[in-house]
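> Pasting a predicted model and its sequence here:
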Amino acid sequence: MAQALADRFVEAFAEYLHREIRTEMWGYAADESLSEEDLLKIKYDGIRPAPGYPSQPDHTEKSTMWSAIKAKELAGMELSESLSMMPASSVSALVFAHPQSTYFAVGQIGKDQVTSYAERKKMEMSKMERWLSPILNYERD
C-alpha cells in the first residue's frame, strides 16, 4: 500500500513539475489555465515522453539520460541491471516544449531497422533485440 501511494505521489509531482516548466521555468505557456479534465486530455502544449513508453520504447536510453544529468551523483537515483529506476518511486522523461509536439507510438519494427539501430548504438544485435522485443515484427533467432 505504501509503495502504491508513493507511486501516486511521484506521478502527481511529475505533473506538477511539468506544469511549472510550462508556466514558470521555461514560461512558454505562462497564461495556461486548464481544468483538471483538460489536463487529463493533455490539452497543454508540449509533451514529456519517458523511456519504455510507446513513443520511446528503448529502455537503454535511460543510461544515456542518467549519465547526462548525473542522476546518481546529484539525486541518488540508480538504474538496476534491467534499467528499473531505484528508488522504485522514481520517474524520468524528456520534455519537449514545441506547441505542435504530440504523443505517438513507435510501431512494429523490422530486422533491418534493428540492425541499423544496433550499429548506431554500437550494441550487439542480440542485446538490442532483447531490449526491443515488444516491438519486433519478426521472431528472434
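Yep, it's here.
> Please name the spatially closest residue to residue 117 (chain neighbours excluded).
Of all residues not flanking residue 117 in the chain, residue 128 sits nearest, at 6.4 Å (C-beta to C-beta, 6 or more residues apart in numbering). For every residue, glycine as well, the C-beta is placed using N, CA and C.
> And that neighbour, which helix or strand is it part of?
Residue 128 belongs to helix 125-132 when assigned by DSSP states H and E.
> mind listing what's buried in that helix?
For helix 125-132, the buried set under the neighbour-count rule, 16 or more other C-beta atoms under 10 Å, comprises 128-129, 131-132.
> Quick one: list the elements packing against it.
Applying 3 or more C-beta pairs under 8 Å, 6 or more residues apart in numbering; DSSP states H and E, we find helix 125-132 packed against helix 111-121.
> now the angle from the helix it packs on to helix 125-132?
Angle between the axes of helix 111-121 and helix 125-132 is 110 degrees (criterion: axes from the mean of the first three to the mean of the last three C-alpha atoms, to 10 degrees).
> Tell me the gap between helix 111-121 and the middle of its chain.
The chain centre lies 21 Å from the centre of helix 111-121; the measure is C-alpha atoms, centre = their mean, to the nearest Å.
> List the buried residues in it.
Judged by neighbour count using 16+ other C-beta under 10 Å, the buried positions of helix 111-121 are 114, 117-118.
> what do you get for stretch 69-81?
Within stretch 69-81, the residues scored as buried using 16+ other C-beta under 10 Å are 71, 77, 79.
> One more: stretch 29-40?
Neighbour counts over stretch 29-40 (16+ other C-beta under 10 Å) mark residue 29 as buried.
> Grab the CA positions of it and hand them over as CSV.
The C-alpha trace of stretch 29-40 is given here as CSV (Å, rounded to 0.1, in the frame of the first residue of the first chain):
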residue,chain,number,x,y,z
ALA,A,29,2.7,28.7,-21.6
ALA,A,30,2.7,31.4,-18.9
ASP,A,31,-1.0,32.1,-19.3
GLU,A,32,-2.1,28.4,-19.1
SER,A,33,-5.3,27.9,-17.2
LEU,A,34,-6.5,24.4,-17.7
SER,A,35,-9.2,22.4,-16.0
GLU,A,36,-8.4,19.0,-14.5
GLU,A,37,-10.3,17.5,-17.4
ASP,A,38,-8.2,19.4,-19.9
LEU,A,39,-5.0,18.3,-18.1
LEU,A,40,-6.1,14.7,-18.3
